[in-house]
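> generate a structure from the sequence data that follows.
(one chain, ligands or ions: 1)
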Amino acid sequence: MKNNLSELQIWLEKTESLILSYLSQNEDPQTPVVKYSPPLELRDSMDFSLGKPLSQNEIWPAMEKIMDKSVRTTHPLFLNQLFGGLQPEAISAEWMATILNPTMATYEIAPLMTILEKEVSRKLSNLMGLKLGEGIMVTGGSNANLVGLLCARQFKVPDVKKRGYQGKKYTVYVSSEAHYSYEKAVHISGLGIDHLRSVRVDAKGAMDPVILKEMVRQDIAQGFIPLMIGATAGTTVLGAFDPIAEINKVAREYNLWLHVDAAWGGGAILSPTHRHLLKGIHLADSVTFDAHKTLNTGLIASFVLCKHPGMLKQTNQGGGNEYIFHDYDNSDWDTGTYSLQCGRRPDILKLWLLWKSRGDEGMAKIIDHLFDLSSYAKTQIENHPRLKLISSQFLNNCFQVIPPNEFMDINQFTLKVRTHLVQSGKALVNYVELPNKTIFFRLVAANNQTTKVDLDRLFNEISHSMTIIDKFC
Ligand SMILES: Cc1ncc(COP(=O)(O)O)c(C=O)c1O
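Numbering: from 1, shown residues only. Here you go, the predicted structure:
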């Protein structure tokens, strides 16, 4: 059936008005970030069953309800995840990407999007000093770490695709603070979780390169074959940056691939003021970069960048020649051969449009605003008589709430305050529970909608929750 343009116009106009009204509610301080309901209560709160069609008069109130009951990740006090808010360019580009609906598999179907993806990958690689680096967008930072590992495997075991591991035991080294996706990567790739080494960190949560070297040495002595070091630039909980230059020395001495997971910290490369945090990133063989985290493009906008031209293709290519990857003059522009996916969305459009519209300076301002918020949050925590700062690095501020008397455990008290805060719907801030039962808030500055006034509101809400919980102590 052909698209009926006047019908489409009704859908688009209704959608636009719903979106604008929804987003304008975020400006009202009374609008909650979350209206939490348990799953069964939520399931029974409206009719989700499929069958009878709804009229236009019925469908829009239903959609309004669905949006209203969803978590408002665009709310200025959504500070729970390593993403938040949305840039207007990204929203606009997502509409256009949906209409263009290419697949990034071949140049023939996605000529412009392929060029944009290459351009942004080149720009990011240049900023990081990866010289001839290539890049491809993937379905998230976790998958970028997986592809980094697959590249490492291809580098160290070139015939692995055909012959597998042949009984050899390969080891991978990440810090004890690294993202859990490395664990997934080792089991998905068949290396085995037992062969993922967890390297101790220093007091700030950064990998200790001396211990790393010793672990590599011992593994070699015991017959293992070290394959890759996965450093992290901006750890998930503490925001720590591993010392890439020192780690690289170990990688070169023992001929290991060096992957840097800069999913969280990578955005600092765009800021002349803060890019020093990524010192040494030019030494990486491959890098994970998530634009949906600090650049507010919306999920997903992830890259895996690789310093060695041809390696992404060597690693991921396989099959499809008879019907999709034809042998023609421009076949090296078919990025599907670089990718684990066949069909692939043009996630690039939102990042390219944002960057094109703001320029390098505007992109730096996005990042600098987050740093500014984070340093303000740190000062507020330090000056609050009942908040105890545990760690403040990059955009992560971790703190506990001091109970009213010595009989109450600080960890349990912190958890109770956090639970009260979330149930009030006023703000969403995540918490961390370490294996030793230490519990703390992890406040992250990732949301472009947040201002210092919003942070004042947050700390007022935390103080309010604290006084309510005090009454039960
Ligand atoms: C350091 C780090 N790496 C990787 C990831 C995974 O990213 P994604 O959620 O895009 O898969 C995260 C997610 O928070 C992260 O913090």
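> tell me the SS of F303?
strand (DSSP: H, G, I helix; E, B strand; the rest coil).
> do G343 as well
Going by three-state DSSP: G343 is coil.
> contacting residues around the closest residue to it other than its chain neighbours?
Excluding its sequence neighbours, the residue lying closest to G343 (C-beta to C-beta, 6 or more residues apart in numbering) is T103, at 4.6 Å. In this view, the C-beta of every residue, glycine as well, is placed from N, C-alpha and C. Contact analysis of T103 by C-beta atoms under 8 Å, 6 or more residues apart in numbering lists I109, A110, G336, C342, G343, R344.
> now the strands: where do they sit in the stretch 151-300 of the chain?
170-175, 196-199, 225-232, 257-262, 286-290 (DSSP state E, counting those that start in this stretch).
> winner for burial among those?
strand 286-290 (a mean of 31; mean count of other C-beta atoms under 10 Å).
> mind checking how far that one is from the chain centre?
Put simply, strand 286-290 sits 10 Å off its chain's centre (C-alpha atoms, centre = their mean, to the nearest Å).
> does that strand reach the ligand?
Yes: using C-beta under 6 Å from any ligand atom, we find that strand 286-290 touches the ligand at D290.
> other SSEs contacting that strand?
helix 141-156, strand 257-262, strand 302-306 (3 or more C-beta pairs under 8 Å, 6 or more residues apart in numbering; DSSP states H and E).
> closest one to the ligand among these?
Closest to the ligand of the helices and strands packed on strand 286-290 is helix 141-156 (C-beta to the nearest ligand atom; 2.7 Å).
> restrict that closest one to CA atoms and write it as PDB.
Below are the C-alpha coordinates for helix 141-156, written out as PDB (Å, rounded to 0.1, in the frame of the first residue of the first chain):
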ATOM      1  CA  GLY A 141      30.000   0.300  23.900                       C
ATOM      2  CA  SER A 142      29.800  -3.400  25.100                       C
ATOM      3  CA  ASN A 143      29.900  -4.500  21.500                       C
ATOM      4  CA  ALA A 144      32.700  -2.200  20.700                       C
ATOM      5  CA  ASN A 145      34.700  -3.900  23.500                       C
ATOM      6  CA  LEU A 146      33.800  -7.300  21.900                       C
ATOM      7  CA  VAL A 147      34.900  -6.100  18.500                       C
ATOM      8  CA  GLY A 148      38.200  -4.800  20.000                       C
ATOM      9  CA  LEU A 149      38.800  -8.200  21.500                       C
ATOM     10  CA  LEU A 150      38.000  -9.900  18.100                       C
ATOM     11  CA  CYS A 151      40.500  -7.600  16.400                       C
ATOM     12  CA  ALA A 152      43.100  -8.600  19.100                       C
ATOM     13  CA  ARG A 153      42.400 -12.200  18.400                       C
ATOM     14  CA  GLN A 154      42.700 -11.700  14.700                       C
ATOM     15  CA  PHE A 155      46.100 -10.000  15.200                       C
ATOM     16  CA  LYS A 156      47.500 -12.600  17.500                       C
END
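> how big is the angle separating it from strand 286-290?
170 degrees (axes from the mean of the first three to the mean of the last three C-alpha atoms, to 10 degrees).
> and for the closest residue to S92 other than its chain neighbours, the neighbour number?
In space, and not counting its chain neighbours, S92 is closest to L353: 7.0 Å by C-beta to C-beta, 6+ apart. Neighbour count for L353, taken as other C-beta atoms under 10 Å: 21.
> next one: phi and psi at L353?
Backbone geometry at L353, expressed as degrees, to the nearest 10, gives phi -60, psi -40.
> ok, it to D347 distance?
12 Å (C-beta to C-beta, to the nearest Å).
> what does the stretch 251-400 of the chain put close to the ligand?
Counting by C-beta under 6 Å from any ligand atom, the residues of the stretch 251-400 of the chain near the ligand are D261, A263, W264, D290, S302.
> tell me the pLDDT at the first one?
When you say that, I think you mean D261. On pLDDT, D261 comes in at 98.
> tell me the contacts of it?
So D261 contacts 141, 144-145, 148, 178-179, 181-182, 230-233, 287-288 (C-beta under 8 Å, 6+ apart).
> could you redo the last one with a cut-off of 10 Å?
141-142, 144-145, 148, 174-175, 178-179, 181-182, 230-236, 242, 284, 286-290 (C-beta atoms under 10 Å, 6 or more residues apart in numbering).
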